[in-house]
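Asks: give me a model of this one.
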Amino acid sequence: MFSFDKEQKTCTIGDFRVGGQPGENPPLLISSMFHNSDKILESRKERKFDKAKAKEYVLRQEELSEKTGIPAMVAMVATKVDEMKTYIDFLTSISDKPFGIDMWVQDQRLEAMKYIAELGLQDRVLYNSITPWDKDIPGQVTQLKEMGVKHAVVQVFDEQDQSPAGRVKSFRKMMAMIGEDTFETIMIDTSVMNLPAIGFSALATKMLKEEFGWPAGVAASNGTWMWKEARDLFGSDGFKAMDGAGQAAASLLWSDFLFTGPIVAMPRYLPAMASASLILSTLAYHERKELPSNENHPLYKLFGEFADTLKGA
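Replies: From the prediction side, this is the model:
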């Protein structure tokens, strides 16, 4: 259940590893900042935001990432190129970690990527993303290759077949246009539509890893945060419990990475994902008799004595 016959690719972005056999590496968490309704945004049009609070969130995420062994980066959301440039300049002034860009419109995304290439930051950036809805995928890929982009998210979805098999079919179509050797890292986003449909995306993740071996994962936040009624039904504590459980469950079900949603919630996600990763590491050990190869895994960070016991078993 937690092993694949197909050789699994482990990709490296900065000092983060993503992919591999289940339990080998903890999931890469990708939080978001400057999204709509983000309270640190003061004026998107005037590029104004609470820099002190933004810095606090980023450094707190990095502190907890180091403490738990769960890799975490922030993906910045913007609608215009100049806006994204402001965020990139800010983030790179306070952090040397990898980061992502999150822009919906292909042309704006490419222009932002050109700015990143001019800064020579291709090693650190996760291009998010190439999607089935983009108007010119081959042209986009050509430009990304020319810019030296190394790490990209490929989103998969089939409007006519929304089953797990439809997502696999979508990836085959996308890769026919992208090419297997174009990027060092391809991370497949299996498009979560709502909370219960995380199950479909998780199954698609499993099927994609079985067939292709690339890292695959989900935007669990699209299931948990989009369930607006949950706050009325359960209150704030109930919403947080639902959200944490949904994200942790998704991480157990073959996800190599998760788009978690707002960075402000990372202090609860990182311990939750550490718990899920610890459990997954022993499920995988039971099947393969292998402990995580990643020395930074939460098993070694948080339960080193138990890991030593398993090594000697």
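Asks: C-alpha only now, for contacts and for neighbours.
Replies: Fine.
Asks: please name the nearest non-neighbouring residue to residue 41.
Replies: Distances taken as CA to CA, 6 or more residues apart in numbering put residue 49 closest to residue 41, at 4.5 Å, once the chain neighbours are dropped.
Asks: the one you found contacts residue 42, correct?
Replies: Yes: with contact defined as CA atoms under 8 Å, residue 49 and residue 42 form a contacting pair (4.8 Å).
Asks: all strands of the chain, in order?
Replies: 10-13, 16-19, 28-33, 41-43, 48-49, 72-77, 99-102, 125-130, 151-155, 185-189, 216-218, 257-262 (DSSP state E).
Asks: now do the same contact list for residue 294.
Replies: Under the criterion of CA atoms under 8 Å, 6 or more residues apart in numbering, the neighbours of residue 294 are 24-25.
Asks: so who does the residue nearest to residue 41 touch?
Replies: Applying CA under 8 Å, 6+ apart, the residues near residue 49 are 40-43.
Asks: export these as a markdown table, with columns for neighbour count and pLDDT.
Replies: Listed next are these as a markdown table, based on neighbours: other CA atoms under 10 Å; pLDDT from 0 to 100:
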| residue | neighbour count | pLDDT |
| --- | --- | --- |
| 40 | 17 | 96 |
| 41 | 17 | 95 |
| 42 | 13 | 95 |
| 43 | 10 | 92 |
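Asks: circling back: can you say which of the strands of the chain is packed in most?
Replies: Comparing those by mean neighbour count (mean count of other CA atoms under 10 Å), strand 216-218 ranks first with a mean of 31.
Asks: give me the mean pLDDT for it.
Replies: Mean per-residue pLDDT for strand 216-218: 98.
Asks: which neighbouring elements make contact with it?
Replies: Applying 3 or more CA pairs under 8 Å, 6 or more residues apart in numbering; DSSP states H and E, we find strand 216-218 packed against strand 185-189, helix 198-211, strand 257-262.
Asks: what are the buried residues along the second one?
Replies: Going by neighbour count (16 or more other CA atoms under 10 Å), the buried part of helix 198-211 is 198-210.
Asks: what's the pLDDT at residue 301?
Replies: 97.
Asks: what's the answer for residue 66, then?
Replies: With respect to pLDDT, residue 66 has a value of 97.
Asks: can you give me the neighbour number for it?
Replies: Around residue 66 there are 15 other residues, counting by other CA atoms under 10 Å.
Asks: do residue 132 as well
Replies: Neighbour count of residue 132, defined by other CA under 10 Å: 18.
Asks: hang on, isn't it packed against residue 159?
Replies: No: the criterion here is CA under 8 Å, and residue 132 misses it with residue 159 at 9.7 Å.
Asks: quick one: residue 74 and residue 245, what's the gap?
Replies: Separation of residue 74 from residue 245 (CA to CA, to the nearest Å): 21 Å.
Asks: hang on, I meant residue 67
Replies: In this view, residue 67 and residue 245 are 21 Å apart by CA to CA.
Asks: before we move on, what about residue 62?
Replies: Using CA to CA, residue 62 is found at 22 Å from residue 245.
Asks: who has more neighbours, those two?
Replies: Using other CA under 10 Å as the criterion, residue 62 and residue 245 rank with residue 62 on top: 20 against 17.
Asks: so who does the closest residue to residue 185 other than its chain neighbours touch?
Replies: Excluding its sequence neighbours, the residue lying closest to residue 185 (CA to CA, 6+ apart) is residue 151, at 4.5 Å. Residue 151 sits next to 13, 123, 125-127, 183-187 when contact means CA under 8 Å, 6+ apart.
Asks: one more: residue 26?
Replies: Counting by CA under 8 Å, 6+ apart, residue 26 touches 18, 69-71, 256, 274, 277, 297-298.
Asks: what's across from residue 126 in the sheet?
Replies: Residue 126 forms beta bridges with residue 100, residue 151, as assigned by DSSP bridges.
Asks: surely it is in contact with residue 101?
Replies: Yes: counting by CA under 8 Å, residue 126 does reach residue 101; the two are 6.6 Å apart.
Asks: any shared contact partners between these two?
Replies: Taking CA under 8 Å, 6+ apart as the contact criterion, residue 126 and residue 101 have no common neighbours.
Asks: about what we covered before: nearest to residue 304, out of the strands of the chain?
Replies: Between residue 304 and the strands of the chain, the tightest spacing by CA to CA is seen for strand 16-19, at 20.1 Å.
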